[in-house]
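Asker: Here is the input, now give the coordinates:
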Amino acid sequence: MDGTLGTMCPILPGQNFTYKFQVKDQIGSYFYFPTTAFHRAAGGMGMLQIHSRDLIPVPFDTPADEFAVLLGDWYNKGHKTLKKILDSGATIGLPNGIHINGQSGKVGSAPLTPLAIVEPGKTYRYRVCNVGLRTSINFRFQSHIMKLVEVEGSHTVQNVYDSLDLHAGQCVSVLVTADQAPKDYYLVASSRFSKKPLSSVAIIRYANGKGAPASPELPPPPPENTAGIAWSVNQFRSYRWNLTASAARPNPQGSYHYGKINITRTIKIANSRYQVNGKLRFGINGVSHIESETPLKLAEYFGLADKAFNYDLVKDEPSNDKKVVLAPSVVNATFRNFVEIIFENNENTIQTWHLDGYSFFAVAIEAGKWNPEKRKNYNLLDAVSRHTIHVYPKSWAAVMTTLDNAGMWNLRSDMAERAYLGQQLYFSVLSPARSLRDEYNIPLTQQLCGIVQNLPKPTPYS
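Answerer: The predicted structure is shown next:
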């Protein structure tokens, strides 16, 4: 199940859908959100905190408590208005502010409800996600350092940071020790690489601080422009997979030697913007995805793919053709192939990408154009396994993954405007065995719509 319009029928007003699943091969920090229309702009999201089983060791002491922190940008306009703007062919433009757990606090404003209350000398885990529509955010704790321990389900080498960049759709866990004088302190979130600087604060309160206010002097943000990108790239490169830690399973993360696997396919992804009949569209390699009346996975499962979409409109190499095709976009992929995906960003704004159904190894980010010689710069030992990757302006990023999860999975821009206007595709990964070993049967509660609405279900997998 992917939870997108390419795999599931939308839940109609007044209806509900219950999906039961087993969390067995993932741990870490994630968030859920709506994928229909532009509902994400209205909220309806929250944190998923998945812990290791008790018998599997975690590479840090149990924290005194955990706090979920959802950061993001926000707009004065409602989600219906924003959708109308996009449907008219315009951009929603820059956001109006930054929020922390739905609140936009300012220094010196009315008293803020504490985000966390901490005891002196104790260490706390903050799970932080950027749930915004487009804006990269930097967050930092006043007078406190952070120890990074997890990125999107992977335990990391525990480096210490004053501040961290978090791009749209990304999640991390940090440990913070309450080791300062007892009073209030600010958690600061500010925009990155944005034309209009935006920020918000929340209160971290010491239980014995007697309400002593936080200092109005906030920790400074990282540099911007070219120096800021270099700073951010270096921070990305400092993230390392903890090779000795166990993740969801008892075997160490480092027992999977991804750097020794032969690449069977290279796919270069280039994002672009277009004008189609005077309306704004975004696309991948000359194809701007549009939703089908029938979810693509259901059409394929019922043997009716040819009536809903054409495979492989997106080619493995972007062309120089400035034309764009508007159509449902599905790329055929071979089950259990080890693929390399290159994201090229020729635009002047940062991009963030997400792949459903998989984690991938984020092996490189560099300025300029990619070519095969760049592989010598890959981190083939301890790149972090994650499910998002950001790409700086005029730069490229490389990820590697094994397509061992049969199904149809969405690759999309994690910038909501771009995904809504076509910057996404689906990978169709079919197991020739049609076996329960590789893929579950369609759920009994699965809603049907479009051309499969009244059809009998196919023979189940065995």
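Asker: Provide a list of residues in contact with the closest residue in space to Met45 that isn't next to it in sequence.
Answerer: Residue nearest to Met45 in three dimensions, not counting chain neighbours: Phe33, with 4.0 Å by CB to CB, 6 or more residues apart in numbering. Every C-beta, even on glycine, is put in place using the N, C-alpha and C of the backbone. Contacts of Phe33 were listed using CB atoms under 8 Å, 6 or more residues apart in numbering, and they are 40, 44-45, 131.
Asker: Distance check, Glu181 against Leu115.
Answerer: Check again: residue 181 is Ala, not Glu. Distance of Ala181 to Leu115, computed by CB to CB, to the nearest Å: 19 Å.
Asker: Those two - which one has more neighbours?
Answerer: Just comparing Ala181 and Leu115: by other CB atoms under 10 Å the higher neighbour count belongs to Leu115, 20 against 10.
Asker: Contact partners for that one?
Answerer: When contacts are counted by CB under 8 Å, 6+ apart, Leu115 is found next to 67, 69, 100-101, 187, 202-204.
Asker: would you put the C-alpha positions of the top strand by length along the chain in CSV?
Answerer: Longest among the strand segments of the chain by residue count, using DSSP state E, is strand 265-276. Backbone C-alpha positions of strand 265-276 (Å, rounded to 0.1, in the frame of the first residue of the first chain) are rendered in CSV as follows:
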residue,chain,number,x,y,z
ARG,A,265,20.6,0.1,-14.1
THR,A,266,21.3,3.9,-14.0
ILE,A,267,18.3,6.3,-14.1
LYS,A,268,19.0,10.0,-14.4
ILE,A,269,16.2,12.2,-13.2
ALA,A,270,16.0,15.9,-14.3
ASN,A,271,13.4,18.2,-12.8
SER,A,272,12.0,20.9,-15.0
ARG,A,273,9.2,23.6,-15.1
TYR,A,274,7.0,24.2,-18.1
GLN,A,275,4.3,26.4,-19.4
VAL,A,276,1.4,24.3,-21.0
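Asker: elements contacting that strand?
Answerer: The helices and strands touching strand 265-276, judged by 3 or more CB pairs under 8 Å, 6 or more residues apart in numbering; DSSP states H and E, are strand 279-284, strand 330-334, strand 338-345.
Asker: how about 6 Å then?
Answerer: With contacts defined as 3 or more CB pairs under 6 Å, 6 or more residues apart in numbering; DSSP states H and E, the packing partners of strand 265-276 are strand 279-284, strand 338-345.
Asker: So in that sheet, which strands flank that strand, and in what orientation?
Answerer: Strand pairing for strand 265-276, using DSSP bridges, gives strand 279-284 (antiparallel), strand 338-345 (parallel).
Asker: who's in contact with the longest one?
Answerer: If I follow you right, that is strand 338-345. Under the criterion CB atoms under 6 Å, 6 or more residues apart in numbering, residues 261, 263-270, 351, 353, 370, 391, 395-400, 402 lie in contact with strand 338-345.
Asker: Surely Asp316 and Ile267 touch.
Answerer: Yes: the pair formed by Asp316 and Ile267 meets the contact definition of CB atoms under 6 Å, at 4.9 Å.
Asker: between these two, who's got more neighbours?
Answerer: Under the neighbour definition other CB under 10 Å, Asp316 and Ile267 were set side by side, and Ile267 has more, 18 against 15.
Asker: Let me know the pLDDT of that one.
Answerer: The confidence metric pLDDT takes the value 98 at Ile267.
Asker: Give me the distance between it and Asn348.
Answerer: Distance of Ile267 to Asn348, given as CB to CB: 24 Å.
Asker: repeat for His99
Answerer: Distance from His99 to Asn348, counting by CB to CB: 26 Å.
Asker: same deal with Val325?
Answerer: Distance from Val325 to Asn348, by CB to CB: 24 Å.
Asker: Looking at the two, which one has more neighbours?
Answerer: For Val325 and Asn348, the more surrounded residue by other CB under 10 Å is Val325, and the numbers stand at 18 against 8.
Asker: List phi and psi for the more buried one.
Answerer: The phi and psi torsions at Val325 (degrees, to the nearest 10) take the values phi -110, psi 130.
Asker: so what's it bridging to?
Answerer: Counting by DSSP bridges, Val325 forms beta bridges with Val287.
Asker: how about low-confidence regions in the stretch 301-450 of the chain?
Answerer: Scanning the stretch 301-450 of the chain for pLDDT under 70 picks out no residues.
Asker: So which residues of it form strands?
Answerer: Secondary structure of the stretch 301-450 of the chain by DSSP state E, counting those that start in this stretch: the strands cover 325-326, 330-334, 338-345, 351-355, 360-367, 385-386, 388-391, 395-402, 407-413, 424-430.
Asker: wait, which of those strands is closest to Ser215?
Answerer: Ser215 sits nearest to strand 388-391 of all the strands of the stretch 301-450 of the chain, at 31.8 Å, using CB to CB.
Asker: tell me what the closest one is packed against?
Answerer: When contacts are defined as 3+ CB pairs under 6 Å, 6+ apart, strand 388-391 packs onto strand 351-355, strand 395-402.
Asker: Mean neighbour count added to these, as CSV?
Answerer: Compiled in CSV, these are given as follows (neighbours: other CB atoms under 10 Å):
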stretch, mean neighbour count
strand 351-355, 23
strand 395-402, 22
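Asker: residues near Glu439, how many?
Answerer: 18.
Asker: residue contacts, it?
Answerer: Residues in contact with Glu439, defined by CB under 6 Å, 6+ apart, are 406, 431.
Asker: State the distance from it to Gly6.
Answerer: Going from Glu439 to Gly6 by CB to CB gives 16 Å.
Asker: How about His39?
Answerer: His39 is 16 Å from Gly6, by CB to CB.
Asker: Looking at these two, which is more packed in?
Answerer: Set side by side, His39 and Gly6 show unequal neighbour counts under other CB under 10 Å, the larger going to Gly6 at 29 against 16.
Asker: Check which helix or strand the more buried one maps to.
Answerer: Taking DSSP states H and E as the criterion, Gly6 maps to no regular element, lying outside all helices and strands.
Asker: Spatially nearest residue to it (excluding sequence neighbours)?
Answerer: Closest residue to Gly6 in three dimensions, ignoring its sequence neighbours and counting by CB to CB, 6+ apart: Leu296, at 4.5 Å.
Asker: cool, Asn345 as well?
Answerer: Across the structure, with CB to CB, 6+ apart as the measure, the residue nearest Asn345 apart from its sequence neighbours is Val391 (4.1 Å).
Asker: quick one: Ile11 and Leu5 touch, right?
Answerer: No: applying CB under 6 Å, one finds Ile11 not in contact with Leu5, separated by 11.1 Å.
Asker: So for those two, which sits in the more crowded spot?
Answerer: Leu5 (17 against 12).
Asker: quick one: the strands in the stretch 51-200 of the chain?
Answerer: If DSSP E, counting those that start in this stretch is used as the criterion, the strands of the stretch 51-200 of the chain fall at 66-74, 97-100, 116-118, 123-130, 136-141, 146-151, 154-155, 160-161, 163-166, 171-177, 184-192, 199-206.
Asker: Good, we can wrap up now.
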